[in-house]
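1. This is the structure alone, sequence omitted:
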Ligand SMILES: NC(=O)C1=CN([C@@H]2O[C@H](COP(=O)(O)OP(=O)(O)OC[C@H]3O[C@@H](n4cnc5c(N)ncnc54)[C@H](OP(=O)(O)O)[C@@H]3O)[C@@H](O)[C@H]2O)C=CC1
Ligand SMILES: O=C([O-])CC(=O)C(=O)O
């Protein structure tokens, strides 16, 4: 049984807690301690108000499902505590020097940093961008204004530019832009749209290079408890955890 420490007792945390099979969430931490306590009571995990005490619990892996700020503050100490790490708030890795320091720490500690596929598909083969030339890479994300905590009467483009800038402006909505950038090895182009007639969180990926061309479109059901987050994002952590101890590795 894999033991999991959960950082962030919100929407994703609850989805994964409801489907514990080959893993058990044994320790939880949230910026609001009462939330960690309630979560601990419901799912039988120990709640912590002190992050260093949370790290002393003997867990194999910590799942960060909190915020870019949480990932930035705590990722290094999680690795230094000898735990593998799943990062959901991938925007934290947009800072290249921070990312390289984390990778170096993980290497020294012989630990892994996992970036789940999250709210998109195709991250596995998009890594060809690291070994082969890419001529074009665009992510177009379209969400209902509610998912962006905004209002709009018509379809409106609210951002065009590089992933690095987008994740800084919309850290709760465009972590996938950073996942794609890390996978393909370049700061990808991003368009962010809000559309009052779209009830899904849609991500379209346009990708051209030496290999040929690809177009991937996912139209995700928003999480009922947090419409900014696609339900698929939580499922992707579950599939990652389910396969962690499987000797058969698929889609690498
Ligand atoms: N990689 C991907 O594809 C995707 C990534 N995400 C990201 O995953 C993360 C979790 O999403 P979700 O569960 O829906 O978010 P929620 O807001 O529902 O839950 C996050 C929980 O973590 C808490 N939290 C925030 N900051 C901290 C902190 N510094 N320390 C401890 N707890 C903290 C929040 O508290 P409070 O509410 O008070 O802030 C909240 O209780 C988000 O960063 C989201 O942007 C989401 C979708 C896709
Ligand atoms: O869940 C989604 O559709 C994408 C998202 O919020 C993110 O990348 O942060």
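-> That came in fine, so what should we check first? Bear in mind the structure is a predicted one, so any value in this text is a computation, not a measurement. Ligands and ions are numbered 1, 2, ... in the order given.
2. Could I get the full set of helices for this structure?
-> 11-17, 33-43, 51-56, 68-80, 96-109, 123-126, 163-169, 175-184, 231-243 (DSSP state H).
3. how about the second one against ligand 1, any contact?
-> By that I understand helix 33-43. Yes. Using CB under 6 Å from any ligand atom, helix 33-43 reaches ligand 1 at residue 35. Where C-beta positions appear, they are placed from N, C-alpha and C, glycine not excepted.
4. Spell out which residues of the stretch 151-252 of the chain are next to ligand 2.
-> 173-176, 201, 220, 228-230, 233.
5. on that earlier part again, could you identify which of the helices of the chain is most buried?
-> The highest mean neighbour count among the helices of the chain, using mean count of other CB atoms under 10 Å, belongs to helix 175-184: a mean of 26.
6. Show me what that helix is packed up against.
-> helix 123-126, strand 134-143, helix 163-169, strand 201-209 (3 or more CB pairs under 8 Å, 6 or more residues apart in numbering; DSSP states H and E).
7. Return the set of residues that bridge with residue 23.
-> Counting by DSSP bridges, residue 23 forms beta bridges with residue 2.
8. Assess the claim that it and residue 240 are in contact.
-> No. When contacts are counted by CB atoms under 8 Å, residue 23 is not listed as touching residue 240 (10.1 Å).
9. Once you drop chain neighbours, what's closest to the residue of the chain most remote from its centre?
-> Distance from the C-alpha centroid of the chain peaks at residue 153, with 29.6 Å (CA atoms, centre = their mean). Ranked by CB to CB, 6 or more residues apart in numbering and with sequence neighbours excluded, the top spatial neighbour of residue 153 is residue 196, at 6.4 Å.
10. In this structure the one you found contacts residue 152, no?
-> Yes. Contact criterion CB under 8 Å: residue 196 and residue 152 qualify, at 5.7 Å.
11. which residues do the two both contact?
-> residue 145 (CB atoms under 8 Å, 6 or more residues apart in numbering).
12. Spell out which parts of the stretch 51-200 of the chain neighbour ligand 1.
-> 65-70, 88-90, 118-119, 172, 175-176, 179.
13. hmm, stretch 54-68 in reach of ligand 2?
-> No. Stretch 54-68 stays clear of ligand 2 (CB under 6 Å from any ligand atom), getting no nearer than 9.1 Å.
14. Stretch 102-116 now?
-> No. Judged by CB under 6 Å from any ligand atom, stretch 102-116 and ligand 2 are separated, with a smallest distance of 10.9 Å.
15. residue contacts, the residue nearest the centre of the chain?
-> The centre of the chain sits closest to residue 88, judged by CA atoms, centre = their mean, with a distance of 2.4 Å. Residues in contact with residue 88 (CB under 8 Å, 6+ apart) are 8, 12, 63-66, 71, 116, 118, 175, 233, 237.
16. In contact with the residue nearest to residue 153, which residues?
-> 144-145, 152-155.
17. Looking at pLDDT only, which of the residues of the stretch 51-200 of the chain next to ligand 1 scores worst?
-> Of all those, residue 172 carries the smallest pLDDT score, 92.
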